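Asker: predicted model, plus sequence, below.
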Amino acid sequence: MDCFYEGENFLVIHPDECIDCGVCEPECPAGAIKPDTEPGLDTWLKLNADFATIWPNITVKRDPMPGAKEMDGVEGKYEQYFSPEPGQGD
């Protein structure tokens, strides 16, 4: 799908472009993709909507970033490492 947008170290899904097909959920190695109907995700939904309007679109699958496997499940990653800078896009 074309609803993914790339930051320097983060991907977001544009909630208005996502068709809720679920194909991306098993492809996410960290299990970070959740349905927008899940309770308590309002903050993440807003973050996705906001950054999807300013980051470049990404439509190709890339290999995980270096160190991604070691960071899987680490608490507080967003607070410690999130960068608002855009990624390279396609």
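Answerer: Yes, it's here. A quick note: this is a predicted structure, and the numbers were derived from the prediction, not measured.

Asker: after the helix or strand hosting D50 comes which helix or strand?
Answerer: When elements are assigned from DSSP states H and E, D50 belongs to helix 42-52. Toward the C-terminus, helix 42-52 is succeeded by strand 57-58 as the next helix or strand (DSSP H and E).

Asker: show me what counts as buried in the next helix or strand after that following strand.
Answerer: The C-terminal neighbour of strand 57-58 among helices and strands, as given by DSSP H and E, is helix 68-71. The neighbour-count check on helix 68-71 (16 or more other C-beta atoms under 10 Å) flags nothing as buried. Every residue, glycine included, has its C-beta placed from N, CA and C.

Asker: can you tell me what sits against helix 68-71?
Answerer: Helix 68-71 has contacts (C-beta atoms under 8 Å, 6 or more residues apart in numbering) with P29, A30, K77.

Asker: in helices only, show me the residues you listed.
Answerer: For those, the ones inside helices are K77, with DSSP state H as the criterion.

Asker: would a markdown table of the contacts of helix 68-71 with distance to L47, pLDDT and neighbour count be doable?
Answerer: Output for these, formatted as a markdown table (distance: C-beta to C-beta, whole Å; pLDDT from 0 to 100; neighbours: other C-beta atoms under 10 Å):
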| residue | distance to L47 | pLDDT | neighbour count |
| --- | --- | --- | --- |
| P29 | 20 | 75 | 10 |
| A30 | 16 | 78 | 13 |
| K77 | 13 | 90 | 15 |
